[in-house]
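S.K.: Predicted structure and sequence below. I'll ask about it afterward.
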Amino acid sequence: MPDSLRHARAGGLRVADAYLQQSIGFILAACGWWFILWQWIPIYASLTVGSFVNPIARIIGWNSLSDWLITKNGVFISSIASSSWPRSWWPSA
């Protein structure tokens, strides 16, 4: 057994480096991360619509827009809008 694996723990960097080359590990990690981020887009869109857009539309009197935004097509369009929103406008964490 190589010395690099003798004291390695599960999930540690030494285990990943010993079994995967850095480029393969990066590709797998990046693809997984990007896939997870795409899964969050409809959640962000529905949160934005439910907490910001719908109340303002109801106050203005655009009830049909508010009703449409909670349909499947409305969630899809708001997902596209939230994924294309300029990142520089978002508050930094």
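M.R.: Received the coordinates, thanks.
S.K.: List the buried residues for the top helix by length along the chain?
M.R.: Counting by DSSP state H, the longest helix found in the chain is helix 22-48. Neighbour counts over helix 22-48 (16 or more other C-beta atoms under 10 Å) mark Ala45, Ser46, Thr48 as buried. Just so you know, the C-beta spots here come from the backbone N, C-alpha and C atoms, and that holds for glycine as well.
S.K.: I'd like the residues you listed laid out as TSV, including pLDDT and distance to Ile60.
M.R.: TSV is the format used below for those (pLDDT from 0 to 100; distance: C-beta to C-beta, whole Å):
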residue	pLDDT	distance to Ile60
Ala45	86	20
Ser46	87	20
Thr48	85	17
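S.K.: Adding distance to Thr71, write these out as CSV.
M.R.: Shown next, in CSV, are the buried residues of helix 22-48 (distance: C-beta to C-beta, whole Å):
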residue, distance to Thr71
Ala45, 13
Ser46, 12
Thr48, 16
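S.K.: Tell me how many other residues surround Ile70.
M.R.: 13 (other C-beta atoms under 10 Å).
S.K.: my read: it touches Val49, true?
M.R.: Yes - between Ile70 and Val49 there is a contact at 7.2 Å, judged by C-beta atoms under 8 Å.
S.K.: Neighbours of Ser79, how many?
M.R.: 19.
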